[in-house]
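A.B. asks: pasted the sequence and its predicted model underneath.
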Amino acid sequence: MDMISPRKQLDTLWQRGRDFLGTEYAILGGAMTWVSERNLVSALSNAGGFGVIACGAMTPELLDGEIVATAALTDKPFGVNLITMHPQLDELIDVCLSHNVGHIILAGGLPGAPAIKRAKDGGAKVVCFAPTLSLAKRLIRQGADALVIEGAEAGGHIGPVATSILAQEILPHIEDVPVFIAGGIGRGDAVLAYLEMERPAVSSARCSSARPNPSRTRISRRRSSGRPPAMPCRRSSSTRSFRLSRCARCRTTRHGNFSRPSARSSTRSVAARSIRPKPS
Ligand SMILES: Cc1cc2nc3c(=O)[nH]c(=O)nc-3n(C[C@H](O)[C@H](O)[C@H](O)COP(=O)(O)O)c2cc1C
């Protein structure tokens, strides 16, 4: 039997991410405000990943200068992360487009459809953050070319749902666009686990601050070490051991907790509570 080299297997697993980014590795740099500037971004791109400038609170003039300076340090592709609440979002998008920035990452909240359209009409690919499955689908309908799902482990992130939970909620249902996973991913075997988790070549990990949060890492390990905790189904009296599996009695996959038409934050905190083991 022919042996396939580990590198070939990896390339197959994250091919879709590589194609999307145009890089050797499907590793999207998590932008960090005041940190992801020309030197870090160009170093990441030169090393085969995809560096991303964090615009943060920069003015259009400052962003313009940072893009020019980054382009002077690398001939590899890089992107720009824009915060959607920035009062000059449209001007910032235009600055990116004027420099032919290929990928614009709209972060810090849900982008409006006009911002996505503006970036796409100018020729850029748009990446958006999806905090729930329903919002992931909406962002794709609005034109997002790729999604990032980012768990509570992520530096500076305040959402309550862990990366592993979000991945299980969202990955199995998104086929149309590549999905990047962020939050608490600091080792190659964690990258591999997500790549192999669902539909090879759909997901790829994004490298960011590589700074594990010890307390949350402990919780993740405890959850993944044994059988997942049993979870009551709200529509029937049966219990299931995994929240995305189909309930044998009510035939739903979401067990009511996910299908509540409530606000995003409340849906997420309900989801987080629902998998917590009962104290013994
Ligand atoms: C200091 C700092 C600043 C950040 N600034 C941004 C930002 O401007 N835009 C953004 O989308 N994410 C920002 N993030 C989140 C990172 O891009 C990344 O998604 C996150 O750190 C990944 O999780 P990890 O820290 O567990 O690797 C920031 C994170 C840190 C630690």
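C.D. replies: Arrived safely, thanks for sending. Residues are numbered from 1 along each chain as shown.
A.B. asks: domain parsing for this protein?
C.D. replies: 6-215, 227-274 (automatic domain parsing).
A.B. asks: which strand residues bridge Leu106?
C.D. replies: Leu82, Cys128 (DSSP bridges).
A.B. asks: tell me who's in contact with it.
C.D. replies: By CB atoms under 8 Å, 6 or more residues apart in numbering, the contact set of Leu106 is Leu82, Thr84, Ala115, Ile116, Ala119, Val126, Val127, Cys128, Phe129. Heads up, the C-betas are built off the backbone N, CA and C, glycines and all.
A.B. asks: now those residues as TSV including distance to the ligand?
C.D. replies: Formatted as TSV, the contacts of Leu106 follow (distance: CB to the nearest ligand atom, whole Å):
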residue	distance to the ligand
Leu82	9
Thr84	10
Ala115	15
Ile116	16
Ala119	15
Val126	13
Val127	10
Cys128	10
Phe129	7
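A.B. asks: most neighbours, which of these?
C.D. replies: Counting neighbours by other CB atoms under 10 Å, Ala119 comes out on top of these with 30 neighbours.
A.B. asks: the helices in the protein, which residues?
C.D. replies: 6-13, 15-21, 38-46, 60-73, 89-98, 113-121, 133-141, 163-170, 188-197, 214-225, 264-274 (DSSP state H).
A.B. asks: deepest in the core, which of these is it.
C.D. replies: helix 163-170 (a mean of 22; mean count of other CB atoms under 10 Å).
A.B. asks: ok, and the closest non-adjacent residue to Met58?
C.D. replies: Once flanking residues are discounted, Met58 sits nearest to Glu66: 6.9 Å by CB to CB, 6 or more residues apart in numbering.
A.B. asks: run the chain-centre distance for stretch 50-61.
C.D. replies: 18 Å (CA atoms, centre = their mean, to the nearest Å).
A.B. asks: and Leu82, what is it in contact with?
C.D. replies: Here Leu82 is in contact with Cys55, Leu89, Leu92, Ile93, Cys96, Ile104, Ile105, Leu106, Ala107 (CB under 8 Å, 6+ apart).
A.B. asks: what about the closest residue to the last one other than its chain neighbours, neighbour count?
C.D. replies: I take that to be Ala107. Of all residues not flanking Ala107 in the chain, Asn81 sits nearest, at 5.3 Å (CB to CB, 6+ apart). Applying other CB under 10 Å, we find 24 residues neighbouring Asn81.
A.B. asks: for the remainder of this discussion, apply numbering that starts at 41.
C.D. replies: Sure, I'll start counting at 41 from here, so that last one is Asn121.
A.B. asks: please tell me I have it right and Asn121 contacts Pro151.
C.D. replies: No - at 11.9 Å, Asn121 does not count as touching Pro151 under the criterion of CB atoms under 8 Å.
A.B. asks: just to revisit the earlier point, which of the contacts of Leu122 lies closest to Gly223?
C.D. replies: Nearest to Gly223 out of those is Ala147 (CB to CB; 13.4 Å).
A.B. asks: mind telling me which of the domains of the chain the model trusts least?
C.D. replies: In terms of average pLDDT, domain 267-314 trails the rest of the domains of the chain, at a mean of 32.
A.B. asks: return the residues of the stretch 91-240 of the chain in contact with the ligand.
C.D. replies: Counting by CB under 6 Å from any ligand atom, the positions of the stretch 91-240 of the chain adjacent to the ligand are 94, 96, 121, 147, 190, 193-196, 222-225.
A.B. asks: next step: those residues restricted to strands.
C.D. replies: Here DSSP state E is the test, and these give Ala94, Asn121, Ala147, Glu190, Ala222 as lying in strands.
A.B. asks: and which of those residues is nearest Ile44?
C.D. replies: Closest to Ile44, out of all of those and judged by CB to CB, is Ala222, at 28.3 Å.
A.B. asks: the closest one against Ala202, yeah?
C.D. replies: No - between Ala222 and Ala202 there is no contact, the gap being 11.9 Å when judged by CB under 8 Å.
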